[in-house]
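**Q** here is a sequence with its predicted model. Questions after.
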Amino acid sequence: MADPLPERAARRDRARLTTLALVTTVGAVVSSLGAPLVPSIAEQYDVSVPAAQWALTATLLAGAVATPVLGRLGSGRRRRPTVLAGIGVVLLGTLLAALPLGYGPLVVGRALQGVGLALVPLALAVARDAYRGAEQARALALLSVTTVAGAGLGYPVTSLIAEYAGLHGAYVFGAVLVTITLLRALRHLPADLDIPGQPVDLVGAAGITTGTLALLLTVSQGRVWGWTSPATVTLAVVGVVAMAAWVRWTLRHEHPLVDLRLAARPGVVGPHVVALVLGIGMYGLLSLSVVIVRADGAPGFGLDLGVGVAGFVLVPYSIASVAGSQAARAVDRRWGNRLLLPLGCSSFAASLALLAWQHDHLWQLLVAMALGGLGSGFSFSSLAGLIVPHVPSAETGSAIAFNQLLRYLGFSIGSASSVVLLEVYGGDAAALRDTLLTLATICVVTAVASATRRRTLV
């Protein structure tokens with residue numbers, strides 16, 4: 001007769017790993033409820049596409065701020081309650097978005113869902129502490145893959161549900177998945193380590209949130225309100241002042257939200273710049289691809305296809321991201337890590353340029369998205385490895401958290417600015433081309449700079 005104790009331990013480990021995989025998938029679910037549904041939000045609530053884009057931008061901005069805050073709040077003995085509370089906030093956000101209360105509550109709900117993006121590092125930290133040796137490596141690899149694969153599956157699934165059950169049906173589906181995750185976490189999430197937690201810089205969090213939100217509103221609403229209108233100028237001033245105050249506070253505070261001095265070390269600046277720029281390029285690519293799929297041809301472009309297809313075109317991106325991360329490891333072993341960021345930036349630039357010139361057929365979008373996915377795999381999977389050798393081991397977590405913050409800020413800027421550029425350039429086919437080429441040019445410049453980063457990006 002088999003010993004029941006090892007069997008019981010094995011079942012407990014499987015249940016714990018499955019639960020952590022569900023927690024990381026929450027971030028993917030939150031992402032999949034964003035970009036493909038933006039045109040549907042604009043249509044249902046009778047708002048412009050740039051305004052509807054805030055249903056995505058608000059989520060990304062909340063994720064950017066919540067990531068370092070939850071990273072500090074969820075340290076030591078506070079980790080389990082932080083994860084459970086975070087899932088609860090995401091559930092509240094999905095329920096709020098699922099109710100037909102209007103456009104404002106929808107955006108608020110989407111902002112609350114952004115907390116789900118900050119749960120991924122916490123789930124990885126739990127796995128790091130719960131497993132050892134080969135089991136730890138397998139667990140971390142599985143959780144990293146579920147984040148990307150979950151997004152690849154989530155985009156078409158939620159889009160198809162929105163196609164047949166309506167916009168709010170997609171959010172109900174998300175709420176069901178988050179509820180299952182919360183119930184599993186309540187039962188199987190392990191207890192916290194018995195060590196003190198880290199202090200949380202709430203003033204710094206408020207400062208960077210205020211500054212970033214004011215500047216993003218300036219960019220996204222400036223054309224609507226008028227670039228010299230009192231509202232636009234006031235928001236711009238508030239944004240600049242808030243960001244300057246945040247930098248001053250961060251440099252003087254003993255336990256800042258992010259360590260700016262650490263972020264300026266040689267060898268670290270380059271990966272940080274790439275994270276920000278490619279974050280902008282990534283969500284510019286995702287957002288404009290959805291716009292192309294859903295547009296009816298009236299502006300001179302568009303395939304006039306449903307929300308289900310809009311979700312499908314994002315699948316090649318997710319699949320190619322996994323392939324790109326595998327290829328990055330092979331390139332690193334053969335030629336070293338100096339090629340990784342230039343290859344990633346170049347792939348993003350190629351995908352944006354291809355979409356600028358070729359977007360009349362669905363297969364062209366699929367190819368462009370796959371190229372962008374390769375760029376994502378080469379770059380985003382390499383950033384942590386490029387940072388670690390240049391910072392003390394005790395400060396690795398802080399450096400990587402700041403890189404994640406910049407990545408999410410890039411996502412927010414790309415989400416807000418891509419559709420605004422499209423309107424500023426005129427909103428027609430030529431404007432689409434110019435917007436995509438503008439983003440491609442930024443990626444090319446970053447590729448060149450990263451190839452010579454000892455002299456440029458440090």
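**A** Arrived safely, thanks for sending.
**Q** shaky segments in this protein?
**A** 1-6, 9, 75-76, 137, 141-142, 144-153, 192-198, 393-398, 453-458 (pLDDT under 70).
**Q** just give me the residue right at the centre of it.
**A** residue 408 (5.0 Å; Cα atoms, centre = their mean).
**Q** so that one touches residue 59, yeah?
**A** No. Here residue 408 does not reach residue 59: they are 9.7 Å apart, not a contact under Cβ atoms under 8 Å. The way it works is simple: take the backbone N, C-alpha and C, and place the C-beta from them, glycine included.
**Q** got any residues that touch both of those two?
**A** Residues touching both residue 408 and residue 59 by Cβ atoms under 8 Å, 6 or more residues apart in numbering: residue 117.
**Q** I'd assumed residue 143 was in contact with residue 21.
**A** Yes. Using Cβ under 8 Å, residue 21 is in contact with residue 143, at 6.2 Å.
**Q** which stretches of the stretch 151-300 of the chain form helices?
**A** 167-188, 202-225, 230-252, 260-263, 269-294 (DSSP state H, counting those that start in this stretch).
**Q** give the buried residues for the fourth one.
**A** Taking 16 or more other Cβ atoms under 10 Å as the basis for neighbour counts, the residues of helix 260-263 that come out buried are 262, 263.
**Q** contacting residues for the nearest residue to residue 102 once chain neighbours are set aside?
**A** Distance criterion Cβ to Cβ, 6 or more residues apart in numbering; nearest residue to residue 102, sequence neighbours excluded, is residue 45 at 7.3 Å. With contact taken as Cβ under 8 Å, 6+ apart, residue 45 is in contact with 52, 102, 103, 106.
**Q** count of neighbours near the second one?
**A** By other Cβ atoms under 10 Å, the residues close to residue 102 number 9.
**Q** check the gap between it and residue 84 for me.
**A** 30 Å (Cβ to Cβ, to the nearest Å).
**Q** and if you look at the first one?
**A** Distance of residue 52 to residue 84, given as Cβ to Cβ: 32 Å.
**Q** between those two, which one's more packed in?
**A** residue 52 (24 against 15).
**Q** helix or strand for residue 401, which one?
**A** helix 396-424 (DSSP states H and E).
**Q** next helix or strand past that helix?
**A** Taking DSSP H and E, what comes next after helix 396-424 is helix 429-451.
**Q** so which other helices or strands are in contact with that following helix?
**A** Applying 3 or more Cβ pairs under 8 Å, 6 or more residues apart in numbering; DSSP states H and E, one finds that helix 429-451 makes contact with helix 269-294, helix 340-357, helix 396-424.
**Q** CA-only coordinates of that helix in PDB, if you can.
**A** What follows is helix 429-451, C-alpha atoms only, in PDB (Å, rounded to 0.1, in the frame of the first residue of the first chain):
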ATOM      1  CA  ALA A 429      -5.200  56.000 -44.500                       C
ATOM      2  CA  ALA A 430      -2.200  58.400 -44.800                       C
ATOM      3  CA  ALA A 431      -2.600  59.200 -41.100                       C
ATOM      4  CA  LEU A 432      -2.500  55.500 -40.200                       C
ATOM      5  CA  ARG A 433       0.600  55.000 -42.300                       C
ATOM      6  CA  ASP A 434       2.300  58.100 -40.700                       C
ATOM      7  CA  THR A 435       1.300  57.000 -37.100                       C
ATOM      8  CA  LEU A 436       2.800  53.500 -37.600                       C
ATOM      9  CA  LEU A 437       5.900  54.900 -39.200                       C
ATOM     10  CA  THR A 438       6.400  57.300 -36.300                       C
ATOM     11  CA  LEU A 439       6.300  54.400 -33.900                       C
ATOM     12  CA  ALA A 440       8.600  52.400 -36.100                       C
ATOM     13  CA  THR A 441      11.100  55.200 -36.300                       C
ATOM     14  CA  ILE A 442      11.300  55.400 -32.500                       C
ATOM     15  CA  CYS A 443      12.000  51.700 -32.400                       C
ATOM     16  CA  VAL A 444      14.700  52.000 -35.000                       C
ATOM     17  CA  VAL A 445      16.400  54.800 -33.100                       C
ATOM     18  CA  THR A 446      16.300  52.600 -30.000                       C
ATOM     19  CA  ALA A 447      17.700  49.600 -31.900                       C
ATOM     20  CA  VAL A 448      20.700  51.700 -33.100                       C
ATOM     21  CA  ALA A 449      21.200  53.100 -29.600                       C
ATOM     22  CA  SER A 450      21.000  49.700 -27.900                       C
ATOM     23  CA  ALA A 451      23.500  48.200 -30.500                       C
END
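**Q** quick one on the thing from earlier: contacting residues for the residue nearest to the centre of the chain?
**A** So residue 408 contacts 60, 61, 63, 64, 67, 117, 279 (Cβ under 8 Å, 6+ apart).
**Q** cool, thanks, signing off.
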